[in-house]
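# predicted model follows, preceded by the sequence.
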Amino acid sequence: MATRASEISTTTPEPQRSGPAHAGGTLIARLGITPAAVASAALFCLLIGLVLVAVQIKAIFSDQLKQEYTGMVLDAVGRAESARDLASAWQPLAGDSANQPEHYRHARADLAARLTSLAALVQASPVAAPRMPTLVLSPDANFDTADAVLREQAVYWRAQRDLVNSALHTRITHVARTLIVLSALLFGVLITALGMYAKRTRQLAGESHRFEHAALHDAMTGLPNRRQLFAMLAQAADSAQRETPQRKIAVLYVDLDGFKKVNDSLGHPLGDEFLIAVSRRFRQSVRQRDVVARIGGDEFAVLVRGFAADEELGVIAERLIGCVVQTDEQMGIGFVRASIGIASYPEPVDDYRRLLATADETMYEVKRRGKNGYAFAARTEPAN
């Protein structure tokens with residue numbers, strides 16, 4: 001029973017991919033959105049986000065300055081309140097205001113200095129703040145007036161501190177969330193870039209494989225060409241030499257008798273159809289480990305990787321001739337046959353590099369004897 005050849009490279013359909021990533025890629029492809037467009041949009045969003053983060057960070061620094069300034073004012077209010085309490089404690093009794101102790105006068109002067117320092121801070125405030133009346137800055141100012149002013153300043157600046165702290169916390173939260181979103185966008189850009197790189201790499205690998213396949217195979221029949229046959233022959237010979245006992249290999253050189261007449265009288269399209277059909281039968285008639293190659297035109301070669309006796313090669317040759325006859329009868333041509341020359345290694349050919357040429361010469365011997373048959377290469381006697 002004939003077995004199929006496995007040396008012919010065939011196009012393998014790409015496996016179907018499944019999963020969320022493939023579904024997302026299919027949706028993007030259906031929408032006509034390219035990975036480059038997705039990456040560009042993500043980079044644009046990343047740029048906008050960086051601008052927003054920069055604005056928020058600038059606002060955070062501004063809030064921190066406000067927070068520090070508010071702390072300075074509240075600290076000044078606290079020092080003024082302490083000076084007010086000290087001055088009040090040293091205040092003379094009623095009716096004895098003319099006889100003021102020295103420490104009381106110092107306390108009043110210190111209070112006036114504290115209030116003046118506080119007024120200067122309030123005056124220099126970057127935000128609108130309630131101004132302090134000038135009369136309260138005098139060493140003789142009324143304590144009740146000073147108390148009212150200090151309470152007003154304390155209430156206002158504590159409220160400002162709370163507002164600044166709340167705004168600072170909100171801005172920090174916004175920055176954190178924006179950074180999370182930007183990180184996700186950046187991750188998406190990197191994944192998209194890696195996907196584009198991987199896709200391009202696969203495309204280049206596929207193109208390289210197609211180019212390599214085209215360089216080593218016949219374009220019309222898909223069979224290995226002469227170059228690929230020589231490479232496979234070298235591999236087979238190297239493998240055979242490493243075995244003990246040494247395995248024998250052989251080449252059957254096939255030439256189609258009368259094929260030129262097909263092209264001349266019936267046309268090249270029919271001739272091409274005949275070559276494709278007979279190539280398919282050749283592949284099916286040899287063993288899986290053997291190689292069928294198209295040498296060029298109407299010439300083929302079969303590399304037999306291992307056989308025990310010449311009779312096996314004769315059986316293969318008869319099958320090949322039968323393939324030509326079957327194809328000829330199926331297409332209704334009626335005159336195409338085959339001549340086959342057989343050469344084997346290491347006997348009678350002791351150099352595998354001469355196998356193809358020897359089989360070719362033997363094939364022409366068959367043609368000279370009447371065609372439509374096969375013959376074995378004769379042993380070459382060494383020269384004396």
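Yes, it's here.
# next secondary structure element downstream of the longest helix anywhere in the chain?
In the chain, taking DSSP state H as the definition, the longest helix is helix 143-216. Once the chain leaves helix 143-216, the next helix or strand it forms, by DSSP states H and E, is helix 226-242.
# residue 67: what's it in contact with?
For residue 67, the contact set (CB atoms under 8 Å, 6 or more residues apart in numbering) comprises 161, 164-165, 168. C-betas here are computed from N, CA, C, even on glycine.
# and of these, the nearest to residue 56?
Closest approach to residue 56 among those (CB to CB): residue 168, at 10.7 Å.
# so that closest one makes contact with residue 63?
Yes. With contacts defined as CB atoms under 8 Å, residue 168 counts as touching residue 63 at a distance of 4.3 Å.
# between those two, which one's more packed in?
A count of neighbours by other CB atoms under 10 Å puts residue 63 above the other of residue 168 and residue 63, at 20 against 17.
# and the more buried one, how far is that from residue 192?
Look at residue 63 and residue 192: by CB to CB, to the nearest Å, they are 36 Å apart.
# and if you look at residue 275?
The gap separating residue 275 from residue 192 is 48 Å, by CB to CB.
# okay, the two: which has more neighbours?
Between residue 275 and residue 192, counting by other CB under 10 Å, residue 275 is the more crowded of the two (22 against 19).
# just say helix, strand or coil for that one.
Secondary structure, DSSP: H, G, I helix; E, B strand; the rest coil: residue 275 is helix.
# which residue, other than its chain neighbours, is closest to it?
Among residues not flanking residue 275 along the chain, residue 221 sits closest, at 6.0 Å (CB to CB, 6 or more residues apart in numbering).
# and if you look at residue 57?
In this structure, residue 57 finds its nearest non-sequential neighbour in residue 175, 6.5 Å apart by CB to CB, 6+ apart.
# ok, the one you found touching residue 58?
No. The pair residue 175 / residue 58 is not scored as a contact, 10.8 Å apart, by CB under 8 Å.
# and these two? Which one has more around it.
Applying other CB under 10 Å to residue 175 and residue 58 shows that residue 175 carries more neighbours, namely 18 against 11.
# for the stretch 51-200 of the chain, which residues score under the pLDDT cut-off?
Counting by pLDDT under 70, the ranges of the stretch 51-200 of the chain that qualify are 93-100.
# can I get stretch 142-149 as PDB, trimmed to CA atoms?
Extracted C-alpha coordinates of stretch 142-149, given in PDB (Å, rounded to 0.1, in the frame of the first residue of the first chain):
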ATOM      1  CA  ASN A 142      -8.400  98.800  76.000                       C
ATOM      2  CA  PHE A 143      -8.100  95.200  77.000                       C
ATOM      3  CA  ASP A 144     -11.700  94.500  75.900                       C
ATOM      4  CA  THR A 145     -10.900  95.900  72.400                       C
ATOM      5  CA  ALA A 146      -7.800  93.800  72.200                       C
ATOM      6  CA  ASP A 147      -9.700  90.700  73.200                       C
ATOM      7  CA  ALA A 148     -12.300  91.200  70.600                       C
ATOM      8  CA  VAL A 149      -9.700  91.800  67.800                       C
END
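# in it, what's buried?
146, 149 (16 or more other CB atoms under 10 Å).
# contacts only, for residue 305.
236, 239-240, 247, 249, 289-291.
# let's have the residues you listed in CSV, adding distance to residue 154, neighbour count and pLDDT.
Shown next, in CSV, are those (distance: CB to CB, whole Å; neighbours: other CB atoms under 10 Å; pLDDT from 0 to 100):
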residue, distance to residue 154, neighbour count, pLDDT
236, 100, 24, 93
239, 98, 13, 90
240, 103, 18, 89
247, 105, 18, 89
249, 105, 23, 95
289, 99, 14, 92
290, 102, 24, 94
291, 99, 24, 95
